[in-house]
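S.K.: Any chance you could fold what I've pasted below:
(one chain, ligands or ions: 1)
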Amino acid sequence: MADIHDQEFGLGDGATQDGILLTRVDQLINWTRKSSVWPMTFGLACCAIEMMATGASSYDIDRFGSGPFRATPRQADLMIVAGTVSHKMAPRVKRLYDQMPEPKFVMAMGACTVSGGPYIKHGYHVLKGVDRIVPVDVYVPGCPPRPEALLEGLFRIQEKMERERLLDKTRCGARPKVLVE
Ligand code: SF4
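M.R.: Okay, here's the model as predicted:
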């Protein structure tokens, strides 16, 4: 048990002696957060089918501490934007993001969400990248990305969570790279 804890918290040999565990508060909190990521239940188009498959038994996203898809943005800390973001839906996506509490993360899943995908040239109705309205942490390319790719994106999000500092406020109120109001 001691060895497992040492590996999880990045501590060297002998960190646990006489039942005492030494770690930083930052590391402990980040470990709990990355082990309990709550995505929002929310899909826009065909990519969402792959997202649902990721939650099903074959891929079992629960293994990585990210199973409970929440039905409200107020209880979610991960927004997986899965599917084509039309101009009509864009303000709704932004509103959902705004309703999530900090700290929160965004994954852009699929070519449509990343850049407009097959609609990039003639899709007058499609937003050419969801990073125009919300700050994206991880991009998962593909049309559609397979569940394995979505899980890889989740691992990248968890790595970001691991590196965060408790008192670092720079994430709060993060703005999208390309802003379209
Ligand atoms: S990237 Fe492909 S699979 Fe995903 S929403 Fe767009 S068209 Fe559908």
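S.K.: Check for me that Ser58 belongs to a strand.
M.R.: No - Ser58: not assigned to a strand; according to DSSP: H, G, I helix; E, B strand; the rest coil it is coil.
S.K.: how far away is the residue lying closest to it once chain neighbours are set aside from Arg163?
M.R.: Of all residues not flanking Ser58 in the chain, Pro147 sits nearest, at 7.7 Å (CB to CB, 6 or more residues apart in numbering). No exception for glycine: its C-beta is placed from N, CA and C like everyone else's. According to CB to CB, to the nearest Å, Pro147 stands 25 Å off from Arg163.
S.K.: Which of these two has more residues huddled nearby?
M.R.: Set Pro147 next to Arg163 and count neighbours by other CB atoms under 10 Å: Pro147 wins out with 19 against 9.
S.K.: gap between the more buried one and the ligand?
M.R.: 13 Å (CB to the nearest ligand atom, to the nearest Å).
S.K.: switch to numbering from 174
M.R.: OK, 174 is where the count begins now, so the last one is Pro320.
S.K.: That residue against Tyr232, yeah?
M.R.: Yes - with contact defined as CB atoms under 8 Å, Pro320 reaches Tyr232; the gap is 4.3 Å.
S.K.: Need the residues touching each of these two.
M.R.: Residues touching both Pro320 and Tyr232 (CB atoms under 8 Å, 6 or more residues apart in numbering): Ala226.
S.K.: Where does pLDDT dip in the protein?
M.R.: Filtered on pLDDT under 70, the chain yields the residue ranges 174-190, 342-354.
S.K.: This completes my enquiry, with thanks.
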